[in-house]
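*Asks:* no sequence for this one, just the structure:
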């Protein structure tokens, strides 16, 4: 249980994850396997390029090979599908990450679905989502996994708690709702059509903000002692939660930056290592 | 909107679905296609045998071929998987239903997962669940589909409403939660670990009972004007909802029997016809 206010330090959690991974990468190397994450960047979006670079650097620091595929802005769905297919077949590639978003002429869902389940370390396929939701299978989406990792690291209680998730995206709101449900939380999923959102959040023991709007969740919405997990990352390093306000009532809270973000990347690393370990 | 109390008559909804299907089956026949549902019954459970028989009869009344596979109580997982594989490959079979539950020596999840997605008309695979949850793809689980069908038939409002689902099974509580979420309801999923269940249900505009306990939901839990959908079916034709009590506050309610049950079977028929239509 939480007895005093906890600032949930994502960098500390991420470091612990990476410390755990180092000997596992060494063991893979001894078996002649270098874990490899293929990243696909389509087009010229500067934020996406930065994200892919960060992920590649994080891989390399840990001894994971980063295979960078860059495709032109005018790439077609068919061309992207061919690239994914060749990575599916490449025995040296253990994980595939297609950076979201892709240019608008591409059918992003078709591209995600084309990723082989055993290489879907970013948890974007509907099969991966289904397996995660039904409580078995391989790799959940990385941000939901990071939220659970932080809660587990700090031994925050989940079972029997009422969790309110704000957002219902395929890689964040929906999977984190299902993962909290599988951990025996009672889960309410909210979104833009939700009426009386403030009142619903006021009943939450666990608040997960995944809405993509800066400082959206106000301090007055937070029940005294609630746990607040902010998966938002808006321009200017601003989360979805008004941190200064919510810090007061919360018993535990993630800052932005330095909260969920760093752990998300470490989940990607871990899931890539796990994919490679299946070959030993 | 609902202006007076509605008894949601599942037999009427099921009849409407079947009326819609008849000309579609005729059209298939004209194309030389007889839609065919394969049912697999493993072992000697009398209730399961009855369910399979009911489903087969419903098929035949509509001109859908019912291919009945009966396997012995001591069937192994491998034998069942082989049967499913041969039905996957059988071009004359459009839908496959594996009757739940199977004997305990069988890995039921592995068997469900083996059903080809295009023949998963009962909505049991994790891929089907994932596709339904992410808002695309083919066939949802039949009971959740029936609940939505009843609500749509009676033009009950879903968008913006607060739905409380009691139960989180892979073929009922979880998928109906995701389907209501995709229809823009705010959704709370409850289960055996939920604290203060009564208070949570008291806030619901839509209550879906899928818990498998007779008369579990009490009249005092129901908000004045709430819509009550009872997916329970317990021994003695008793639902999960105390119907007599809940009838008073509810604006709309499904009886048991004659509510969700008959519509569930009609969803199975419709999804089998849809699977066959993909061949035209």
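*Replies:* Okay, I see it. None of the values given here were measured: they were computed from a predicted structure.
*Asks:* at the contact with chain B, which residues of chain A appear?
*Replies:* A:109, A:125-131, A:133-134, A:136-137, A:159-160, A:162, A:168, A:170, A:174, A:177-178, A:181, A:184-191, A:193-195, A:200 (Cβ under 8 Å from any Cβ of the partner chain). Backbone N, C-alpha and C define where each C-beta goes, glycine included.
*Asks:* just the residues you listed: which are in helices?
*Replies:* Taking DSSP state H, the ones among the residues of chain A next to chain B that sit in helices are A:109, A:126-131, A:133-134, A:174, A:177-178, A:181, A:200.
*Asks:* for those residues, which two are the farthest from each other?
*Replies:* A:127 and A:200 (31.1 Å; Cβ to Cβ).
*Asks:* where in chain A is pLDDT low?
*Replies:* A:1-4 (pLDDT under 70).
*Asks:* skipping its backbone neighbours, what lies nearest the residue in it that chain B sits nearest to in space?
*Replies:* Here chain A gets closest to chain B at one residue, residue A:130, 2.9 Å apart by Cβ to the nearest Cβ. Sequence neighbours aside, residue B:130 is the residue nearest to residue A:130 in space, at 2.9 Å (criterion: Cβ to Cβ, 6 or more residues apart in numbering or on different chains).
*Asks:* break chain A into its domains for me.
*Replies:* A:32-116, A:141-261 (automatic domain parsing).
*Asks:* among the residues of chain A next to chain B, the buried ones, what's the ChimeraX command?
*Replies:* With 16 or more other Cβ atoms under 10 Å in any protein chain shown as the criterion, this ChimeraX line picks the buried residues out of the residues of chain A next to chain B:
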select /A:109,125,126,127,128,129,130,131,133,134,137,162,168,170,174,177,178,181,184,185,186,187,188,189,190,191,193,194,200
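*Asks:* what residues of the longest helix that chain A contains count as buried?
*Replies:* Criterion DSSP H: the longest helix present in chain A is helix A:10-30. Across helix A:10-30, burial judged by 16+ other Cβ under 10 Å covers A:10, A:13, A:14, A:17, A:18, A:21, A:24, A:25, A:28.
*Asks:* I'd like the distance between residue A:250 and residue A:5.
*Replies:* As for residue A:250, its distance to residue A:5 is 7 Å (criterion: Cβ to Cβ, to the nearest Å).
*Asks:* for residue A:266, same thing?
*Replies:* 24 Å.
*Asks:* kindly report the same for residue A:119.
*Replies:* Where residue A:5 is concerned, residue A:119 sits at a distance of 41 Å (Cβ to Cβ).
*Asks:* between those two, which is the more surrounded one?
*Replies:* Using other Cβ atoms under 10 Å in any protein chain shown as the criterion, residue A:119 and residue A:5 rank with residue A:119 on top: 24 against 13.
*Asks:* what is the burial count for the residue lying closest to residue A:105 once chain neighbours are set aside?
*Replies:* Closest residue to residue A:105 apart from its sequence neighbours, by Cβ to Cβ, 6+ apart: residue A:76 at 6.9 Å. By other Cβ under 10 Å, 14 other residues sit near residue A:76.
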